[in-house]
Structures are given as C-alpha cells and as structure tokens.
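Q: pasting a predicted model and its sequence here:
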Amino acid sequence: MPGKKTRVLVLFGGRSGEHEISILSAASIIAAIDSERFAAIPLAINRDGRWLDPPSSAALLPPETVKSCSLEAVDISHQPGLSRGFDIAFPALHGPYGEDGKVQGLLEMGDVPYVGSGVLGSACGMDKDVMKRLFRESGLPTLPHVAVWRGQVRERRAEIERRIGFPAFVKPANLGSSVGIRKVKDSAGLLSALEYAGEFDRKIIVEPGVDAREIECSILGNEEPEASLPGEIVTPCGFYDYETKYLTDSAELVAPAELTPDQTDSIQRLAVLAFQAIGCAGLARVDFFIERATERVLLNEVNTMPGFTSISMFPRMWAASGISYPNLIERLIELGLARHFHARSVRHDYE
C-alpha cells in the first residue's frame with residue numbers, strides 16, 4: 001500500500017502589491033511538487049485580506065495547474081490543535097501581510113508547521129532599513145542608506161541629496177519584486193520618486209546607485225544553512241525592474257557566475273552570515289553588488305520568500321548547483337517540518 005501523502009497547504013495571493021507574483025509562485029510550486037509524495041492544497045488570500053476556500057482559490061490558478069491540486073476542505077486556526085486537513089503550510093506570499101511575519105505569527109499561534117523563516121527573520125527581512133542596520137551591527141559590508149517616513153520627504157529632501165547624492169535608488173522599505181522602486185539621476189526626480197515610493201509604504205529608503213555587477217546567492221537550511229553557487233543577473237536596461245523580472249524574462253542569468261574562487265567563497269560566506277544575522281530559516285535569496293571600479297563585494301538585501309516562478313532566480317541557482325525544482329520543494333518541506341519539531345522541544349514552563 002502506498003504511503004500517506006503529506007498534505008501541503010500552499011498559501012498565496014495576499015494584500016500586498018506583490019499579489020500577482022504570489023499567484024505565479026504558487027502555480028509553479030503546485031505544478032512542480034512531487035504528486036506521489038505530496039498533496040498540494042491551494043488556499044488564496046484575496047486583496048482585501050479574505051481567505052478563500054480551496055475550490056475558490058484554485059479558480060485563480062492556471063487551468064493546467066488546477067489538475068494537480070487537492071480541493072478537500074481545510075480549517076486554519078490561530079488556536080493550537082484546531083487546524084484541520086493539512087500537515088504543513090507553504091506560504092508562497094510576497095511582501096507585507098505575508099512575508100513580513102504576520103502570517104508566520106498566525107501559524108505559530110496555531111502550532112502549525114510551515115516553510116520558511118519565523119516571525120523575527122521574516123520581519124527583519126521585509127524591512128530593508130532594519131535589515132541593513134543588522135548587517136552593519138554584524139560587521140557585514142553594505143551600502144549606506146537614509147530611511148525617511150512618508151510625511152518627511154519634503155523636509156528631508158536636501159539631507160538625502162547631501163548624504164546619498166546621485167544617482168540614487170528610492171525604494172519602499174517594506175516591499176519586494178522591485179515594486180515602487182525608481183532610479184533617480186538628479187535632484188529634479190527625487191521628490192516624485194520619494195512620493196511614488198510612499199504610495200506603497202510609510203517608510204522609504206534611499207541608497208546610492210553604484211556601477212556594479214548584480215550577484216545573487218541562494219540559501220537552504222535551518223541551523224546549518226548551505227549556499228548555492230552564485231549567479232549573475234545581466235539586464236538589458238541595467239536595472240533589474242519588475243517588468244524584467246516577471247513579464248519579459250529579458251534578464252540573463254549566468255549560473256554559476258564568472259567569479260574567481262575567492263569571490264565565490266566570499267559571496268557564499270557572506271550570504272550565510274547575512275541569513276544568520278537576521279534570523280532566517282528554511283530559505284532565502286541573498287543579493288549582492290560587486291562594484292566594478294573596486295571589486296568590493298557589498299550586501300544588498302535578503303529575500304526570505306524569493307519568487308518561485310519558472311523564471312525566478314532562486315530555483316534556477318539551485319538547479320545550477322545540482323538540486324532540481326521538485327527536490328528543492330521537497331527539501332523546503334522537510335526543513336519546515338524539522339524546524340517545527342525542534343521548536344516543540346523548547347520548554348514553556350519553569351519549576
């Protein structure tokens with residue numbers, strides 16, 4: 001008799017500006033998951049924050065993906081022991097209300113196993129300002145930045161120009177997938193870029209633009225994380241924006257990147273240290289710059305739930321490192337279950 005399948009609740013959608021990307025990630029995960037070992041149950045959160053049932057969730061996915069779904073009823077609760085119909089959650093959610101610790105906190109309250117970082121790691125990985133402060137506290141090399149609240153952009157504009165200069169990148173502090181980001185070449189465009197980023201988040205960060213190679217490294221693991229071979233992103237426009245990432249597939253990924261052995265070792269070592277500095281678990285994609293003039297390696301950011309679409313860099317780097325997409329998903333599920341098992345061994349009483 002075949003063994004019982006592990007039921008994986010794939011959470012997707014969400015209230016953030018990355019809603020559509022999350023749907024694409026979930027569809028890719030469900031399509032690639034080993035159906036002999038796992039039953040994938042789709043559960044979507046719509047843009048208003050309402051949780052749908054599996055049949056309604058499946059309606060948001062491509063028709064060919066629905067054939068791979070289990071549509072049995074599930075219950076998810078913040079109360080321990082009351083969640084039913086699944087064994088582990090896979091939050092394929094990007095951005096606020098999904099990747100920032102909020103959903104992770106709900107799952108922790110309900111004693112539900114899940115894939116990926118916990119509340120702290122997710123929250124720190126989402127807030128680029130906090131993340132970069134932790135990098136510096138840990139002695140890791142990163143670009144300087146200025147953080148500004150949405151209501152302060154006019155009064156702090158001159159300070160930003162003085163401290164950061166041009167060119168500069170203006171970003172929402174708590175968003176990903178290049179949503180809300182603008183490259184600013186001079187003072188004339190700074191205010192509009194700040195106001196645009198402020199449409200997506202209350203906190204905005206501004207960083208200097210650098211002439212650099214864009215290098216990425218994927219991480220897999222819990223207490224003993226492993227780094228993939230680094231990859232390099234080569235874009236036609238010089239800026240890895242939303243359209244290049246998800247719509248045109250016009251970026252070229254060179255994996256493994258053409259680096260010296262010392263550069264490869266340095267990037268892999270720094271990627272693991274960055275993963276640990278913000279308290280990640282399960283997976284992450286760590287992004288770097290190699291400044292062309294100096295060859296300095298600079299940490300850019302950590303993504304605790306990177307894109308999982310067929311063109312996303314996280315699975316493609318692991319494929320270049322010898323781990324196929326289905327095996328990668330299997331490893332992540334195993335890591336989530338192991339993390340939950342070990343968390344249960346922590347004492348909550350005192351005698």
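A: Sure thing, it's come through. Small disclaimer: the values here were computed from a predicted structure and weren't measured.

Q: make it CA atoms for all contacts and neighbour counts henceforth
A: Noted.

Q: roughly how far does the closest residue to Ala123 other than its chain neighbours sit from Met109?
A: Leaving aside its sequence neighbours, Ala123 sits nearest to Asp100 (Cα to Cα, 6 or more residues apart in numbering; 4.3 Å). Computed as Cα to Cα, to the nearest Å, the Asp100 to Met109 distance reads 16 Å.

Q: those two: which is more packed in?
A: Per other Cα atoms under 10 Å, whichever of Asp100 and Met109 has more neighbours is Asp100, with 27 against 13.

Q: lowest average confidence, helix or strand, in the chain?
A: Least confident helix or strand of the chain, by mean pLDDT, DSSP states H and E, is helix 242 with a mean of 50.

Q: pretty sure Leu253 contacts Ile233?
A: Yes - between Leu253 and Ile233 there is a contact under Cα atoms under 8 Å: 4.9 Å.

Q: secondary structure element holding the residue positioned nearest the centre of the chain?
A: Central residue of the chain (Cα atoms, centre = their mean): Met305, 2.7 Å from the mean position. Assigned by DSSP states H and E, Met305 belongs to neither a helix nor a strand.

Q: list the contacts of it.
A: By Cα atoms under 8 Å, 6 or more residues apart in numbering, the contact set of Met305 is 92-94, 99, 116, 283-285.

Q: I'd like those laid out as TSV, including distance to Thr260, pLDDT and secondary structure.
A: Shown next, in TSV, are the contacts of Met305 (distance: Cα to Cα, whole Å; pLDDT from 0 to 100; DSSP: H, G, I helix; E, B strand; the rest coil):
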residue	distance to Thr260	pLDDT	secondary structure
Ala92	34	97	coil
Leu93	35	96	coil
His94	33	92	coil
Glu99	34	93	coil
Gly116	31	98	coil
Leu283	25	98	strand
Ala284	23	98	strand
Arg285	21	97	strand
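
Q: and the lengthiest helix in the chain, what's buried?
A: Across the chain, the longest stretch assigned as helix under DSSP state H is helix 325-343. By neighbour count on 16 or more other Cα atoms under 10 Å, the buried set for helix 325-343 is 325-329, 331-340.

Q: how about the helices in the stretch 201-350 of the chain?
A: For the stretch 201-350 of the chain, the helices defined by DSSP state H, counting those that start in this stretch cover 242, 261-277, 313-320, 325-343.

Q: where are the low-confidence patches of the stretch 251-351 of the chain?
A: For the stretch 251-351 of the chain, the stretches flagged by pLDDT under 70 are 351.

Q: could you chop this structure up by domain?
A: The chain breaks down by automatic domain parsing into domains covering 6-114, 125-141+210-336, 146-208.

Q: nearest to Ser345, out of these?
A: domain 6-114 (12.7 Å; Cα to Cα).

Q: what's the first-to-last distance across that closest one?
A: First-to-last residue span, domain 6-114, Cα to Cα: 13 Å.

Q: tell me how far it lies from the chain's centre.
A: For domain 6-114, the separation from the chain centroid amounts to 16 Å (computed by Cα atoms, centre = their mean, to the nearest Å).

Q: and if you look at stretch 118-129?
A: Put simply, stretch 118-129 sits 10 Å off its chain's centre (Cα atoms, centre = their mean).

Q: and the closest residue to Gly336 other than its chain neighbours, what does it touch?
A: Closest residue to Gly336 apart from its sequence neighbours, by Cα to Cα, 6+ apart: Val115 at 4.4 Å. Val115 makes contact with 88-91, 282, 332-333, 335-337 under the criterion Cα under 8 Å, 6+ apart.
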